[in-house]
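Colleague: Test case, fold it:
(chains A and B)
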Amino acid sequence: MSEGFKLEIVNPESSFLLKEKVSEVVVPAFEGDMGILKDHISIISFLKPGLVKIFEGSNEETYYVDDGIVEFKNNCLSILTSNIFDIKKIDKNVIRDILTKAEQDTKKKDISDQSKYLIDQKIEVLKNLTLN
Amino acid sequence: MASLDDLKKRISSVKSTQKITKAMKMVAASKLRRAQESAEKGRPYSDKMNNIILNLSNSISDKENSPKLLAGSGEDKVHLCIVMTSDRGLCGGFNTNIIKKAKSYFQKILDAGKILKIITVGSKGYDQLKRTYKENIIEKISFKESKNVNYFDADKVGKIIIDKFEKKEFDVCAIFYNEFKNVITQIPQEQQIIPLKASESEGSSTEDNYEFEPEEDEILSNLLPKNISTQIFKAMLENSASEQGSRMSAMDNATRNAGEMVDKLTIQYNRSRQAAITKELIEIISGAESL
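Modeller: Residues are numbered from 1 along each chain as shown, chains lettered A, B, ... in the order given. Sure thing, here's the model as predicted:
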């Protein structure tokens, strides 16, 4: 079990992150957080706004994603997302900007339940980020 | 015949044009490098997306009830064409090639008695199409303000398309763009995005048994709208690389032609100067002889 699996995060602009051997990845799947270890069954799922945690040996990295799709196959995990950033490197003001925008979105009347749920999730995660 | 002064002016004007085209070529070359890079970087995303959708659609058992974006509306009456061109001119045959491709497709549709709707992305396409197809153009979009191609612009276009599809304003949607092959070759492409055509049938083994969370249908209905934006984004990236490539080779040609023209004009200038001198000499000599 010492060997890890391959992780690839791509966003539309470029290949965001590529790691050959990670031991565990926790992704905010639509129906709850999901931890993925080596030799997981092939799976496709999509993400809600939340934090992606990557464990590589004793290292831990955390990224925020807006949305995305995960595919795990043959010990290779691909995450496709349109908006991702490292929470350590991001400016707090940027987070606040996204947060205020999300809060404005909830006030719109014509949004579906599902998108409301997603925006609420987003606000919750972002609020926690600004507190830290 | 033009006087010496006129020729002189002409030469200096061609020279300054040459300077401009040379500068434009340099600018296009440096922009091209960046555009090419981002086009290549953007490919994995759209490829992966395509793969996942392929896997998903293969594993869907109930094809009848699959999302409309995949299966289509069941009719083939109204065609929506997204024509993607540049916002700036002076880029050789770049825009004309797309328009030519699009026009032949339009003709086919109109001949078959179907309804045609057009959305133009980029102002040059609108300028070229408005003469013939003015009443078919339902929307024109232009991203003159954004410096670089970005996903949010593509997403905007994608949302417009999906919105119109949900309102049942069209049945089939195709996009037109230039695929970037290399600096001198750009291939105008026609790609159908609604209903989705499985582009690669060979693809990697699609037999894998996936676990889906949530159900396939739900993933698909979330994924397909995204895929449309992604395809548009890909087309935009390819387009911007093609535009710069096309502009670079066009400007290279223009610079070379200007050089040739300067050479020709200089020879002409020297000849007429020589002729004027000879004429003056003859006048002096014949004047002296007559004395």
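Colleague: so B:K144, which of the three states?
Modeller: coil (DSSP: H, G, I helix; E, B strand; the rest coil).
Colleague: just checking, it touches B:V121?
Modeller: No: B:K144 lies out of contact with B:V121 (Cβ atoms under 8 Å); the separation is 11.4 Å. Backbone N, C-alpha and C define where each C-beta goes, glycine included.
Colleague: the more surrounded of those two?
Modeller: Using other Cβ atoms under 10 Å in any protein chain shown as the criterion, B:K144 and B:V121 rank with B:V121 on top: 27 against 9.
Colleague: what's near enough to touch that one?
Modeller: B:82-85, B:140-143, B:157, B:236 (Cβ atoms under 8 Å, 6 or more residues apart in numbering or on different chains).
Colleague: and if we set it to 6 Å?
Modeller: B:84, B:141 (Cβ atoms under 6 Å, 6 or more residues apart in numbering or on different chains).
Colleague: again, but for B:F176
Modeller: So B:F176 contacts B:83, B:98, B:101-102, B:190 (Cβ under 6 Å, 6+ apart).
Colleague: which one of the residues you listed sits closest to B:S229?
Modeller: B:V83 (17.4 Å; Cβ to Cβ).
Colleague: tally of neighbours for the closest residue to A:L118 other than its chain neighbours?
Modeller: Nearest non-adjacent residue to A:L118, counting by Cβ to Cβ, 6 or more residues apart in numbering or on different chains: A:K48, 5.6 Å away. Burial measure for A:K48: 23 neighbouring residues, criterion other Cβ under 10 Å.
Colleague: Make a ChimeraX selection of the buried ones in the contacts of B:F176.
Modeller: ChimeraX command restricting those to the buried ones, with burial defined by 16 or more other Cβ atoms under 10 Å in any protein chain shown:
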select /B:83,98,101,102
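Colleague: okay, the contacts of B:F176 in JSON lines with distance to B:R33 and pLDDT next?
Modeller: As requested, the contacts of B:F176 are arranged in JSON lines below (distance: Cβ to Cβ, whole Å; pLDDT from 0 to 100):
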{"residue": "B:V83", "distance to B:R33": "27", "pLDDT": "92"}
{"residue": "B:I98", "distance to B:R33": "23", "pLDDT": "92"}
{"residue": "B:K101", "distance to B:R33": "27", "pLDDT": "92"}
{"residue": "B:A102", "distance to B:R33": "29", "pLDDT": "92"}
{"residue": "B:E190", "distance to B:R33": "28", "pLDDT": "89"}
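Colleague: Identify those among the contacts of B:F176 that sit within helices.
Modeller: B:98, B:101-102 (DSSP state H).
Colleague: would you list those residues in TSV and tack on distance to chain A?
Modeller: Output for the ones in helices among the contacts of B:F176, formatted as TSV (distance: Cβ to the nearest Cβ, whole Å):
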residue	distance to chain A
B:I98	22
B:K101	25
B:A102	25
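Colleague: Can you redo those as CSV, where the extra columns are distance to B:D47?
Modeller: Listed next are the ones in helices among the contacts of B:F176 as CSV, based on distance: Cβ to Cβ, whole Å:
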residue, distance to B:D47
B:I98, 23
B:K101, 23
B:A102, 25
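Colleague: Show residues contacting stretch A:18-36.
Modeller: Around stretch A:18-36, the neighbours that count as contacts under Cβ under 6 Å, 6+ apart are A:4, A:6-8, A:37, A:45-48, A:50, A:52-56, A:70, A:72, B:213.
Colleague: Filter the residues you listed down to the buried ones, ChimeraX style.
Modeller: Buried residues within the contacts of stretch A:18-36, by 16+ other Cβ under 10 Å, are selected in ChimeraX with:
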select /A:4,7,8,45,46,47,48,50,52,53,54,55,56,70,72 /B:213
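Colleague: can you pull out the helices in chain A?
Modeller: A:92-107, A:113-131.
Colleague: Highest mean neighbour count out of the ones you listed?
Modeller: Highest mean neighbour count among the helices of chain A (mean count of other Cβ atoms under 10 Å in any protein chain shown): helix A:113-131, with a mean of 15.
Colleague: Understood, closing this out.
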